[in-house]
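Asks: Need the 3D shape of this:
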Amino acid sequence: MASLFLMHSVATPDVGAEMHSLISRLYPICRSITGDGVRETLRQLPIPLQIHEVPTGTRVFDWTVPREWNIRDAWIKDFTGRKLVDLKQLNLHVVSYSRPIQQ
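Replies: From the prediction side, this is the model:
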């Protein structure tokens, strides 16, 4: 038997605009599972949160908290120097925990 969930909402006419505003602020933040991007994202959420930081290397069940990963800039240029991929244009261009390379 399928379950039916009824949700009552007290949405205001501005709720769509508020959601769009929040996502517009959150989307450009480059974040992984650790680091400054996660902290900034949590600060932007319009709900009360109590944040606890756990040191790198702490064992949590079968997982170990990794080192923080913060990225400032990344790009790939073609032979003319034109940027083909640019973190500042789209933060999804870089995989979390990527290592810097230079050629």
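Asks: How about the contacts made by the residue nearest to the spatial centre of the chain?
Replies: The residue lying closest to the centre of the chain (CA atoms, centre = their mean) is residue 31, at 3.3 Å. Shown in contact with residue 31 (CB atoms under 8 Å, 6 or more residues apart in numbering): 37-38, 40-41. Backbone N, C-alpha and C define where each C-beta goes, glycine included.
Asks: try it again with 6 Å
Replies: Residue 31 makes contact with 37-38, 41, according to CB atoms under 6 Å, 6 or more residues apart in numbering.
Asks: Go through those residues and say which is closest to residue 73.
Replies: Residue 73 lies nearest to residue 37 out of the contacts of residue 31, by CB to CB, at 13.8 Å.
Asks: can you tell me the helix or strand for the closest one?
Replies: Using DSSP states H and E, residue 37 sits in helix 36-44.
Asks: got the buried residues for that helix?
Replies: By neighbour count on 16 or more other CB atoms under 10 Å, the buried set for helix 36-44 is 36-39.
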